[in-house]
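J.: model this:
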Amino acid sequence: MTRRLAEPIRQAMTRHGAPIVIALGANLGDRSQSLDAAVREIAELPLTSDVVCSDPVSSVAMTRDGPDPTKPGYLNAVATARTRLAPSLLLAGLHAIEQRHGRVRFERWGDRTLDLDLIAYGAITSDDERLTLPHPRAHERDFVLAPWLAVDPDAHLPGHGAVADLVATLAEAT
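T.: Okay, the predicted model is just below:
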């Protein structure tokens with residue numbers, strides 16, 4: 001973690017931790033079982049509590065070239081929680097969960113047994129190459145925004161505004 005993030009992280013923390021948002025997705029194997037297990041494992045991360053997960057939604061696989069209906073479809077969900085883990089440690093924990101579920105990082109945008117993306121960590125913004133916050137494409141992904149809105153109707157994506165407004169904007173564009 002870069003030094004410039006240290007103070008914002010301290011500010012984001014409360015006694016109960018910073019609010020976090022994690023997007024979950026899988027398009028290989030038993031997708032539903034993978035998401036359920038991942039949510040349980042997120043709840044078991046140290047210094048992490050209050051995990052709430054949306055119902056899963058289906059989506060078309062996103063590739064480098066855009067949506068690809070010829071690829072196996074995704075099952076997606078969003079979990080909110082609170083953590084006192086630093087963002088870099090939380091990300092390491094999420095990567096460890098992915099690895100336990102057989103995630104292999106051969107190609108970017110490839111098929112996945114499990115994908116866990118840290119969407120937001122409080123109101124922190126970061127353009128660090130190891131961890132960009134908020135997630136750089138979250139504001140344009142209905143399969144992230146709609147499930148997030150379902151578990152937190154007052155949700156805000158730092159730098160982009162109310163999630164309800166973002167969902168409405170995406171709906172108007174389709």
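J.: Strands along this protein, start to end?
T.: Taking DSSP state E as the test, the strands found in the chain are 18-26, 48-53, 57-59, 61-63, 66-68, 74-83, 115-121, 126-128, 131-133, 156-157, 161-162.
J.: As CSV, the ones you listed with distance to residue 104 and mean neighbour count would be great.
T.: All C-beta atoms are positioned from the backbone trio N, CA, C, and that covers glycine. Converted to CSV, these look like this (distance: least, CB to CB, whole Å; neighbours: other CB atoms under 10 Å):
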stretch, distance to residue 104, mean neighbour count
strand 18-26, 13, 25
strand 48-53, 24, 16
strand 57-59, 21, 15
strand 61-63, 16, 17
strand 66-68, 19, 11
strand 74-83, 17, 23
strand 115-121, 11, 23
strand 126-128, 24, 14
strand 131-133, 21, 18
strand 156-157, 29, 18
strand 161-162, 36, 13
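J.: mind checking which of those strands is nearest residue 94?
T.: strand 115-121 (4.2 Å; CB to CB).
J.: okay, and for this structure, where does confidence drop off?
T.: 1-15, 105-109 (pLDDT under 70).
J.: Dihedrals phi and psi, residue 113?
T.: Dihedral pair for residue 113: phi -70, psi -30, per degrees, to the nearest 10.
J.: on that earlier part again, would TSV of the strands of the chain with distance to residue 40 be doable?
T.: What follows is the strands of the chain, written out as TSV (distance: least, CB to CB, whole Å):
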stretch	distance to residue 40
strand 18-26	12
strand 48-53	9
strand 57-59	20
strand 61-63	25
strand 66-68	30
strand 74-83	11
strand 115-121	13
strand 126-128	28
strand 131-133	24
strand 156-157	26
strand 161-162	30
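J.: Noted, bye for now.
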